[in-house]
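Q: show me how the following folds:
(chains A and B, ligands or ions: 2)
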Amino acid sequence: MSDKDTTTIVEALNLALTDAMADDGKVIALGEDLADPEGGGVIGVTKGLSTRFGDTRVRSTPIAEQAIIGAAIGASLVGYRPVAEIMLMNFTAVAMDMIVNHAAKLRFMSGGQTHVPIVIRTMTGTGIANGGQHSDYLEAWFAHTAGMKVVAPSNPADAYGLLRSAIEDDDPVLFIENIIAYRSTGPAPKSGSRVPLGKASTVHEGSDVTIVAYSRMVQEAIAAVEALGKEGVSAELIDLRTVSPWDRKTVMASAAKTGRLLIVHEAVTQFGVGAEIAAEVSSELFGKLKKPVRRLGGPYAPVPFSKPLESAYAPDAKRIAEAALALVR
Amino acid sequence: MSSNYEPGREIQLEIFRRMALLVANDEQTRRAVRTGRLVMPYYSYRGQEIIPSALCTALSDGDYLCTIYRGIHDMLAKGMPLKDLWAEVAGRISGTCKGKGGPMHLTYPAKGIMVTTGIVGSSMPIANGLAWASQLSGDGRVSVATFGDGASNIGAFHESLNLAAIWKLPVIFVCQNNLYAEHTTFEKCTAGANVAARAQGYSIPGVRVDGNDPIAMYTAAREAVERARAGEGPTLIEAITFRFFGHALGDNDSYMDQAQKKAAMEADPAPRFRARLIAEGLATEAELAAIEADVNARIEEAIASALAAPFPEVSELTKDVYGAEVAA
Ligand SMILES: Cc1ncc(C[n+]2csc(CCOP(=O)(O)OP(=O)(O)O)c2C)c(N)n1
Ligand SMILES: [Mg+2]
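A: Numbers count the residues shown, from 1 in each chain, chains lettered A, B, ... in the order given. Ligands and ions are numbered 1, 2, ... in the order given. Okay, here's the model as predicted:
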């Protein structure tokens, strides 16, 4: 797999898990339908792991999200590095007590005596008619919880490097995968490479406007940047990669340079990650910005089923380009 | 088990009518999804039709139902009109939920269909609340939560059974045990491999029935309904069945025991019930064929009307989020 030039996000994640488990006997994995007799995960991200590493290290679980995260926390307290899969992001709601009251806080509440080095992998996204309970981006819930880290890659190489770093991180990390981006291809990761948490990447340099995005929205933003270029607008695109802690330095430097900032996410705009970044950038760069910071996200509504409504839900390249253009003109 | 509630001819024919509707509707839905006329995730219930057909024959229109993503059979058996249903799964404004909910969240309070959830386990806690409301108002309604075998391993199942038991709620928990939860077998993930037995721990009746047997299923449902209406509290029914078309339509089903699947499909409860009605002289071939023809015609009509209906305007996106629209 690793000697190909390009790969998919699914393959990159599978490789990251395989390499992490091969390198460190303390890395274990659990989740619904995760082992090979059950298909190696609904998308196939964990394919081959139970066969190679055994079904005590790689376990299919009952449908019991609370028990899944609880077991991950427990094993992590005594030296293991569990990678727990919550099939869809909305199902994290069933395990919120374990995540918010326990995983995120045990280090602090124990005065640093214990810590919870778990990764919670989960997938989500609009675009496949899954409706109101299977499509939400809920990263703001977790980013709002001190003690949690939140990661959301947009391409195969980052998916690999970020997952390796997340597994090695000593704190709980929520790792968000996008369903329709799974099969998208990109340059293959170098086996053993790492992408540090908290470090954004500048996907495209520009001088007129800064666009900050993460997860699948980066792919839409790449198309938007191209379209903007044809209009004579030079946009800088930053892939946040880690939502929390976010890379202030890179975002501030870019916004200071262009004087215009657009933050794009698929999650509902209101009370979202964009609000935090907008507030921070607006206060730090007050007086230096040429335009008020703009956010582009989902509407203040659950994800609808009906196709024309669902299509209007998440930002796309066209709306991103329009919003950026409005900042420049 | 001898019971006062064994169904006679009329009731058996009523169960058949509902079953025929469900069987035909599933076939049409699969066809529509496979040909791309409908774009939606579809969790076929083919093989499980007897359960809601018998259950809903034992219920009244006013009784409440909370069901799940694999629940279109439950809804149709409970009386959701075909046109409203098809318009919804086609994402049309004339659907039961204006196209906003879709196949996993169909809702039709006029027939007591109060919640359809896509979250495993979540039908049960809400059914308790509906039952509590009936206990408070004394309206005599019974609430039913249906769910799968996999749902019996999530906390909500246990919390709900306990609450229903201590409050003596008029609620029935119907586990449609189709032996699989997505790709995981029932035995692998369910300690004791017996859902009904878990009722014991909560001191309520737990009955395991052949969910593919209309008489056993009706009798068990009727007993639970009578118990609930009499204020004697909840019942857990585990109805053993099988799903013929995997978890979601189009899935690779290599995780399934193919011999078991073949045997289950050969023992298809729908033609078996049909043949028995004729063999026992309860109905003639012509009578049953007329029911089937009627059902098919109604479904065709519902499909045509759904596909001709308009989609919702994009402005619908932010309507129905609150009772009175809130400026975002
Ligand atoms: C809380 C939660 N976890 C996981 C899922 C994903 N999921 C959807 S259906 C399903 C299997 C459910 O099996 P079962 O309860 O037996 O019902 P069946 O689908 O067989 O009717 C799973 C794991 C979900 N919808 N909700
Ligand atoms: Mg099941």
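
Q: which residues touch the residue positioned nearest the centre of chain A?
A: By C-alpha atoms, centre = their mean, chain A has its centre lying nearest to residue A:152, at 1.4 Å. Residue A:152 makes contact with A:139, A:175-176, A:178, A:214-215, A:240-243 under the criterion C-beta atoms under 8 Å, 6 or more residues apart in numbering or on different chains. All C-beta atoms are positioned from the backbone trio N, CA, C, and that covers glycine.

Q: among those residues, which are located in strands?
A: A:175-176, A:178, A:242-243 (DSSP state E).

Q: among these, which pair sits farthest apart?
A: A:178 and A:242 (15.4 Å; C-beta to C-beta).

Q: what residue, apart from its backbone neighbours, is nearest residue A:39 spatially?
A: Closest residue to residue A:39 apart from its sequence neighbours, by C-beta to C-beta, 6 or more residues apart in numbering or on different chains: residue B:183 at 4.8 Å.

Q: distance of the one you found from residue B:285?
A: With distances taken as C-beta to C-beta, to the nearest Å, residue B:183 is found 40 Å from residue B:285.

Q: what does residue B:193 give?
A: Distance from residue B:193 to residue B:285, by C-beta to C-beta: 40 Å.

Q: these two: which has the busier surroundings?
A: Shown here are residue B:193 and residue B:285; by other C-beta atoms under 10 Å in any protein chain shown, residue B:193 has more neighbours (14 against 11).

Q: for the more buried one, what are its contacts?
A: Contact analysis of residue B:193 by C-beta under 8 Å, 6+ apart lists B:186-187.

Q: the residue in chain B that chain A sits nearest to: neighbour count?
A: Nearest to chain A in chain B, going by C-beta to the nearest C-beta, is residue B:102, at a distance of 2.6 Å. Residues lying near residue B:102 (other C-beta under 10 Å) number 28.

Q: likewise residue B:58?
A: Around residue B:58 there are 25 residues (other C-beta under 10 Å).

Q: and chain A, split by domain according to the record?
A: Per the record, chain A has its domains at A:6-187, A:201-328, by automatic domain parsing.

Q: can I get these in JSON lines including mean pLDDT and distance to ligand 1?
A: Output for the domains of chain A, formatted as JSON lines (pLDDT from 0 to 100; distance: least, C-beta to the nearest ligand atom, whole Å):
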{"stretch": "domain A:6-187", "mean pLDDT": "98", "distance to ligand 1": "4"}
{"stretch": "domain A:201-328", "mean pLDDT": "98", "distance to ligand 1": "15"}
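
Q: what residues are up against the residue in chain B positioned nearest to ligand 1?
A: Proximity of chain B to ligand 1 (C-beta to the nearest ligand atom) peaks at residue B:148, 2.0 Å away. By C-beta under 8 Å, 6+ apart, the contact set of residue B:148 is B:68, B:70, B:120, B:175-178, B:181.

Q: strands along chain B, start to end?
A: Assigned by DSSP E, chain B shows strands spanning B:64-68, B:113-117, B:143-148, B:171-177, B:180-181, B:184-185, B:206-210, B:235-240.

Q: can I get the fourth one in CSV, CA atoms only?
A: Looking back up the chat, that one is strand B:171-177. Output of strand B:171-177 as CSV, limited to C-alpha atoms (Å, rounded to 0.1, in the frame of the first residue of the first chain):
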residue,chain,number,x,y,z
VAL,B,171,-46.2,0.0,27.6
ILE,B,172,-45.1,-3.0,25.5
PHE,B,173,-41.5,-3.5,24.4
VAL,B,174,-41.3,-5.5,21.2
CYS,B,175,-37.9,-6.7,20.3
GLN,B,176,-37.8,-7.8,16.7
ASN,B,177,-35.0,-10.3,17.0
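
Q: which residues of the stretch 101-250 of chain A lie near chain B?
A: Proximity of the stretch 101-250 of chain A to chain B (C-beta under 8 Å from any C-beta of the partner chain) is limited to residues A:128-134.
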